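Trainee: Below is the sequence, then the predicted model.
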Amino acid sequence: MGDNGYDYYSAPAIRAATAAIRAEAAKWDDFGDRMDGVRAGMAGLGIPPSGFAVADVSGAVGSADQSRVYETMRAHLTTLFTDATTEFHEIAAVLRSCADWYEDADDHSVIDLDALWHA
């Protein structure tokens, strides 16, 4: 029991803790799914060099240069969004693994104590 009289190690407390961990994992999976939508949107935002043509063609920076810079940044952001999607789903998987571990450890504690008391 804790200092305030609450039994943090009771079965209901363990179930509540692992349920909260699993709920947090679901949030991270949702973040990953939403980020994948952002990634897909960014991946489809390519603009051909002609999209950067301007009326004033006497400038030092032409449409090919602008297109190259845009494409470099678009590709970089798409990579970041892809990595974020992966990371978010990995965070969710680790949280679920932690919840499984807590439940398994609690189950083994009950078995071990039962064996001791009934020996």
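Mentor: Yep, it's here.
Trainee: longest single helix anywhere in this protein?
Mentor: The helix that spans the most residues within the chain, counting by DSSP state H, is helix 63-117.
Trainee: who does that helix touch, helix- and strand-wise?
Mentor: Contact partners of helix 63-117 among helices and strands, from 3 or more CB pairs under 8 Å, 6 or more residues apart in numbering; DSSP states H and E: helix 11-43. Heads up, the C-betas are built off the backbone N, CA and C, glycines and all.
Trainee: Please work out the average pLDDT along the helix it packs on.
Mentor: Per-residue pLDDT over helix 11-43 has a mean of 89.
Trainee: now stretch 81-92
Mentor: Across stretch 81-92, the average pLDDT comes to 97.
Trainee: tell me the pLDDT at Val61?
Mentor: The model reports Val61 with a pLDDT of 67.
Trainee: Use 612 as the first number from now on
Mentor: With the count now opening at 612, the last piece we talked about shows up as Val672.
Trainee: that older thread, okay, the angle between the longest helix of the chain and helix 622-654?
Mentor: For helix 674-728 against helix 622-654, the angle by axes from the mean of the first three to the mean of the last three CA atoms, to 10 degrees is 170 degrees.
Trainee: list the buried ones in stretch 642-655?
Mentor: For stretch 642-655, burial by neighbour count (16 or more other CB atoms under 10 Å) applies to 642-643, 646-647, 649-650, 653.
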